[in-house]
Structure formats: C-alpha cells, structure tokens
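Q: give me coordinates for this.
(2 chains)
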Amino acid sequence: MRALWLWLWIALASFTMSQTSYAEPEANLEDYPDIELPAPANAPPPDAAVEHITEHISRKIRCPVCQGAAISDSPAPSAVNMRKHVRQLVTQGYTETQILDYFSLRFGDWVLLSPKPEGLNWIIWFFPPILGGLGLAWLGLVTVRWRAEPDVTPLPSDTGSVSKDPYEARLLEELER
Amino acid sequence: MSARPRTNIPLLFSGMLMSGLIVSLLAVGFLFDPFALPNEMVGKVAPNFELKDLDGNEVSLKSLRGRPVVLNFWSTWCIPCKQEHPVLVEAAKLYPEVAFLGVVYMDEAEPIRHYLRRNGSSYPHLIDPDSAVAINYGVTGVPESYFIDRRGRIMFKAAYPVNSPFLAAQLETLLGGAR
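A: Numbering: from 1, shown residues only, chains lettered A, B, ... in the order given. This next block holds a predicted model:
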C-alpha cells in the first residue's frame, strides 16, 4: 500500500515538473507570439446553420462579468458583444477549435467553461475519478478484511472457557435454563 | 482484559500523506487572488486595429509603430475611469513622444464628447463598435490600460485605474530611459 502511494506521488511530481516551462529571453519581434487570426479552416457555413453553431460554441465560453455563466446564457452587454463576435467568426468559416483558441489566447483558458484536456489540466479531468476509485477500492478492502477477521478479544463464552466472574457465570447458567 | 488495537502504520502514513497534499494545495490557493484574471496579452504582439475617433478620423495602431503607445479602455459610466482620466491627460502632455489612445468601451459618442468638453483631453478617443477591439485585446472590464513598446509588443497591462507614479514608471520603462 505504501509503495502504491509512493509511486502515485512520484508520478504526480514528475508530471508537474515536466509541465513547467521557462520562457527564453526574446530579442526579435518575429519571436514574439503573434495572435493575429489565421485563415478560416472551413468554408462559410450555410446561413441556416450559423445560429445553431454560434449557440453551441457560446455555451463553452465563460461570460467575463458573470458568476460561472456562459455567454449564451447571459444578458450582460459584454456577453452579448462576445456572442456577436463568435457569430462573425462562425460566418467567416472559423471552426469551433479556432474560435475557442481565439478566446483562450486573449482571455486565458479561464474563459473556457471546460478546461482543455492538455498539460496540467489532465489532473482536473482524471484526478477526481482516480481518487474516487482508489477510495472505493480501499473501502472494499477494509470491509472484506473486517468481515473475515475474528474479534480481537473473544468473549469467554465464545471460547468455551469458564469465566471466573461469578456474575457472568450465574448469567450464563440462567440463560441455559 | 482487552488487547490494545495495533496501529496500522501504512494506513496512517497514507492518510498523513494525503492530508498533507490537500492542505498544501489549499495553502497554495491562498497565494492567489481568486478575482484576478490572467494577463494573457502581455508579451504578445498588440493586435492591429483601425478605428474612428470622435471627429471621424481613422486611427490605426500600425501607423504608430516606432512610438510607444498607451491604449486605455474606458467609459463614462465607469467611476474609476473618471478618476484616472486627469492622470492620463497630464501624462500625455508630459510625454509627447508616447502616443496615448482612449478606446471607448460600451459607451456612446455623445456622453464621451460631453464628458471630454467638461474635463478636457489631450489625446484621441476611438469608438469601438460592438467592442470588437476590446474583445481582441481580452478586455474584461474598465479601466484597462495596455502599454505597447515601439516595436508593437504589449509590455504591461493595468486592469485598474493608474496613478501618476505608476504611469511615470511604466512610461520611463517604455522609453528605455531615453529622456
């Protein structure tokens, strides 16, 4: 059991360290990240589909001035403007991935209601079910052991030995009648 | 006489390890402001834009390449924006080599004109239809100021009203101590 925990700990620490990156000093403007939009990956969708796609993508983007609401659900002016922006990008043929990347590049991954399954985010996706599974396995193991193990100190009546306590001896005698 | 229960050392060790891990994670959480949003744009090339000022003149960011730029998103319904307005107006006069631009955030031209007539201004204020430029810069509220160097890179971002000492320090850094 100790070895299992040790391995889990080492694996988590190694993964965290592998994800840490250090930016190199940048000298030329060409080296700086450019966030201008690339060309749309798709042809513009038919007009009838634009609203549906916009709604679908807007459900995945967090409203910056609300408490955990998507821009599709918020009447806040900034959310309305962001929805308009999503619609414009959809109309031009940008894919869902391109649009979500566009927002996360500017606002941070915080703006995505579901964190991308990459890097350290894998912990969010997999740690709770792994922890829950380990907890259930431990509970099962403990229960099985508990049921299989005899009592640590069996009663004298269980072992068949005669008690020296006169009260218990009399009680047993009464019960046997 | 009952036997003393034995201590399960591996279980105790695992429990302590897990408790330590959870407490450490919670302790790390205290180091961060839960309301602070990431400054994703710092270190990136400032996206270009072409917007019209209150007189209808077109201004593009690209045309200012070679000069440091202070891009201030603001509105008349934002009280902290009004508090920092005189600081920016004064700094624009003191640092003519820096281009100051105000971008109107979710507000109308008329209240802006009215406010500027009463409180003065020393730099252009641009109308941003549907907040397209604000979204392109990842603006989540006002005031927000972006400090862009001569080469067009975003060096700093202030998501709060700036004061004179802070502004002077940022501008000196942008100018590279050339003054």
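
Q: please enumerate the helices of chain A.
A: Counting by DSSP state H, chain A has helices at residues A:2-19, A:47-58, A:77-92, A:96-107, A:121-148, A:156-159, A:166-176.

Q: per-residue confidence for residue A:164?
A: As predicted, residue A:164 sits at a pLDDT of 67.

Q: and the longest helix along chain B, anywhere near chain A?
A: Using DSSP H, we find that the single longest helix of chain B is helix B:9-29. Yes: counting by CB under 8 Å from any CB of the partner chain, chain A is contacted by helix B:9-29 at B:10-11, B:13-14, B:17-18. C-beta here means a position set from N, CA and C on the backbone, and glycine is covered the same way.

Q: picking that back up, so which of the helices of chain A comes closest to residue A:64?
A: Ranking the helices of chain A by proximity to residue A:64 (CB to CB) places helix A:77-92 first, at 6.0 Å.

Q: distance check, the closest residue in space to residue A:95 that isn't next to it in sequence against chain B.
A: With CB to CB, 6 or more residues apart in numbering or on different chains as the criterion, residue A:95 has its nearest non-adjacent residue at 4.7 Å, and that residue is residue A:41. According to CB to the nearest CB, to the nearest Å, residue A:41 and chain B sit 19 Å apart.

Q: now residue A:176
A: For residue A:176, the distance to chain B equals 25 Å [CB to the nearest CB].

Q: what count of nearby residues applies to that residue?
A: 6 (other CB atoms under 10 Å in any protein chain shown).

Q: same thing with residue B:161?
A: Residues lying near residue B:161 (other CB under 10 Å) number 22.

Q: if I pick the residue nearest to residue A:95, what's in contact with it?
A: Counting by CB atoms under 8 Å, 6 or more residues apart in numbering or on different chains, residue A:41 touches A:93-95, A:97-98.

Q: again, but for residue A:58
A: Contacts of residue A:58 (CB under 8 Å, 6+ apart): A:70-72, A:82-83, A:86.

Q: how many other residues sit next to the nearest residue to it once chain neighbours are set aside?
A: Setting aside the residues directly before and after it, residue A:58 is nearest to residue A:72 in space (CB to CB, 6+ apart), at 3.7 Å. Neighbour count for residue A:72, taken as other CB under 10 Å: 18.

Q: which pLDDT value belongs to residue A:72?
A: pLDDT for residue A:72: 96.

Q: just the strands in chain B please.
A: Using DSSP state E, the strands found in chain B span residues B:50-53, B:58-60, B:69-74, B:99-104, B:125-127, B:144-148, B:154-158.

Q: what strands flank the last one, and is each parallel or antiparallel?
A: Looking at strand B:154-158 with DSSP bridges, its paired strands and their directions are strand B:144-148 (antiparallel).

Q: from the contacts of residue A:58, which two are the most distant?
A: Pairwise over the contacts of residue A:58, using CB to CB, the maximum falls at A:70 and A:86, 11.0 Å.

Q: how far away is residue A:57 from chain B?
A: The spacing between residue A:57 and chain B, counted by CB to the nearest CB, is 14 Å.

Q: next up, the contacts around that residue.
A: In this structure, residue A:57 makes contact with A:86, A:90, A:96, A:99-100, judged by CB under 8 Å, 6+ apart.

Q: could you identify the most distant pair in those residues?
A: With distances taken as CB to CB, the most widely separated pair in the contacts of residue A:57 is A:90 and A:100, at 11.9 Å.

Q: more crowded one of these two?
A: More neighbours surround residue A:90 than the other of residue A:90 and residue A:100, with 27 against 20 (other CB under 10 Å).

Q: shaky segments in chain B?
A: Counting by pLDDT under 70, the low-confidence segments of chain B come to B:1-3, B:34-36, B:177-179.

Q: let's see it at 90
A: Along chain B, the model assigns pLDDT under 90 to residues B:1-11, B:25, B:28-40, B:176-179.

Q: near chain A, which residues of it?
A: Near chain A, when you scan chain B using CB under 8 Å from any CB, you find B:1-3, B:5, B:10-11, B:13-14, B:17-18, B:37-38, B:40-41, B:43-45, B:47-48, B:106, B:130-132, B:134-138, B:140-141, B:151-153.

Q: restricted to helices, list these.
A: Counted as lying in helices by DSSP H, out of these, are B:10-11, B:13-14, B:17-18, B:132, B:134-136.

Q: among those, who's most crowded?
A: That'd be residue B:134 among these, by other CB under 10 Å, with 25 neighbours.

Q: which ones are touching that one?
A: For residue B:134, the contacting residues are A:81, B:73, B:103, B:105-106, B:128, by CB under 8 Å, 6+ apart.
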